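> Got a predicted structure here, sequence first:
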Amino acid sequence: MKKILILPVFAIFIICLFFAQSASALSVVATIGVGSTPRFAAYDSGKGEIFVTQDDGTVSVIRDSDNTVVATTPVGSQPLGVAYDSGKGEIFVANEGAGFVSVISDSTNAVFTTIPVGSFPSTVAYDSGKGRIFVANNNGADVSVISDATNTVIATIPVGVIPSGIAYDSEKRETFVASAVADTVSVISDATNAVVATIPVGISPAGIAYDSGKGELFVAITSAGQPSVAVISDTEPARDVTASNLRIADSFGNIITGAVHTGQQIQVVLDLKNNQNTDQPIAYLVQIQNEDKITVNLSWITGTLTAGQSSTLGQSWTPSYSGSYSAQVFVLQSIDNPVLLSHPMMEKVLVKGGKHHDYDSSAVIVSGTVNPPFHKGVATLLIFDPNNNLINVARADVASDGTFSKTIKAGGPLFTVAGTYTVKVEFRGALQNNLSFSCSSVSPISCS
């Protein structure tokens, strides 16, 4: 697998320090010469030092009292991500070219141990709640979890392909991992070391940072066509059912890690756990969308999870056309009462062989207000055709005033009837007022 370039924090040969003169002005107060091509930096609040990784296989240590380099520490080949462990007074450095993490003591500024991890470790984050270090392995699809008590890997967690950025949310005790190929952010609970949610973002997400004041994650979207920053709110409440370990499998249950072929039946498989002491009816819903965000397949199964029960569910799909698809999973109380029971998840599916198919589509803007308004969050939208068939599921960010707006791609094989389409809205476990839009024709598609 080809590795992807991790965007450096520093792409110049000096470190620039800024001082706030006022609320609206910043100025450089010093430039500090360091090694060859500085990449990432971490601040050691215990010693008042900054650790800067460099392409020459070293880490420069800068003292913040006089802005001077006080040490140059050899580490491994191509050091990139660096994180400060405030509980141990240690610095963890991911050496992408060497395949291990160097651990530096801030009392000596020297490496005292190295820890083998996955392929091309690139970025790291410190979990202050558990005393763990999460390492994104850039040439694969996993994250290594290191215990700082033993300096050993205690778990390897599957995430999206090419994890390129990582950040720890101290309020929710979750780690957010951006996947540059899957175009998603995986959310890992440090209670279980498992992915509890997968959040679609823009194309090629890279760096990610946590804002503790607002409870938000900022994700750099590096798409050449639409460079931007995606903002994720961590305020959505815990759900009654935990969903984890989303994967694509063949008809025999074997996990598929590469492309599938047209005409090949696959299974979208998910592990569920009922966190309540009562039985819980569920609808396990799988939506398949193509690269144009058009829903090409939507199916579900229903059942009941008994109190505390864990179960593995799968839903099949046989692709007819080649292309890049996303399998989106929603666990609802029922289709008629679509309260979301767990965080939605998504997995990319690449289909090869056969021809590609482009669908006619019409953009529809669905806007509304949740009642009562909450401080941000995400609403779930279920779209029903005039015959009351569920044909699309979408998610819409809710602003602090309770308003939301989402552009839906109407079209594809499920939009077959002209007339009024109904939108059911769920937010924070409660159904909201229904919305609607109309399609005057479906061939060609025309909706408003």
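Received the coordinates, thanks.

> you'd agree T416 is up against V442?
Yes. Contact criterion C-beta atoms under 8 Å: T416 and V442 qualify, at 5.9 Å. C-beta: built from backbone N, CA, C; applies to glycine.

> More neighbours: which of those two?
V442 (18 against 14; other C-beta atoms under 10 Å).

> I'd say that one and L414 touch.
No. The pair V442 / L414 is not scored as a contact, 10.1 Å apart, by C-beta under 8 Å.

> In terms of helices and strands, where is I208?
strand 205-211 (DSSP states H and E).

> in its sheet, what does that strand sit against?
With DSSP bridges as the test, strand 205-211 is paired with strand 216-221 (antiparallel).

> in the partner strand, what counts as buried?
E216, L217, V219, A220, I221 (16 or more other C-beta atoms under 10 Å).

> One more: stretch 204-219?
Residues S204, P205, A206, G207, I208, Y210, G215, E216, L217, V219 are the ones in stretch 204-219 that count as buried (16+ other C-beta under 10 Å).

> pLDDT on that stretch, on average?
The average pLDDT for stretch 204-219 rounds to 88.

> Show me what it is in contact with.
6-7, 9, 164-172, 176-181, 183-185, 201-202, 220-223, 229-235 (C-beta atoms under 8 Å, 6 or more residues apart in numbering).

> Low-confidence ranges, this protein, go.
Low-confidence segments of the chain (pLDDT under 70): 1-25, 235-239, 372-376.

> ok, now with 80
The chain contains residues with pLDDT under 80 at 1-26, 171, 213-214, 223-226, 234-240, 372-377, 400, 428-429.

> domains in it, as residue ranges please.
14-233, 241-352, 361-447 (automatic domain parsing).

> Any idea how far apart the tips of the second one sit?
Spelled out, that is domain 241-352. End-to-end span of domain 241-352 (C-alpha to C-alpha, to the nearest Å): 34 Å.

> Then the shortest one?
Taking C-alpha to C-alpha as the measure, domain 361-447 stretches 9 Å from start to finish.

> quick one, helices of this structure?
Ranges of helices within the chain: none, based on DSSP state H.

> Find the centremost residue of it, please.
Residue closest to the mean C-alpha point of the chain, counted by C-alpha atoms, centre = their mean, is V185 at 0.8 Å.

> Leaving out the residues flanking it, which one is nearest to that residue?
In this structure, V185 finds its nearest non-sequential neighbour in I199, 4.5 Å apart by C-beta to C-beta, 6 or more residues apart in numbering.

> thought that neighbour was touching T184?
Yes. Assessed by C-beta under 8 Å, I199 is found in contact with T184 at 6.1 Å.

> Compare these two (neighbour count), which wins?
Between I199 and T184, counting by other C-beta under 10 Å, T184 is the more crowded of the two (25 against 21).

> Name the residues of stretch 41-56 that are buried.
Within stretch 41-56, the residues that count as buried by 16+ other C-beta under 10 Å are A41, A42, D44, K47, E49, I50, F51, V52, T53, Q54, D55.
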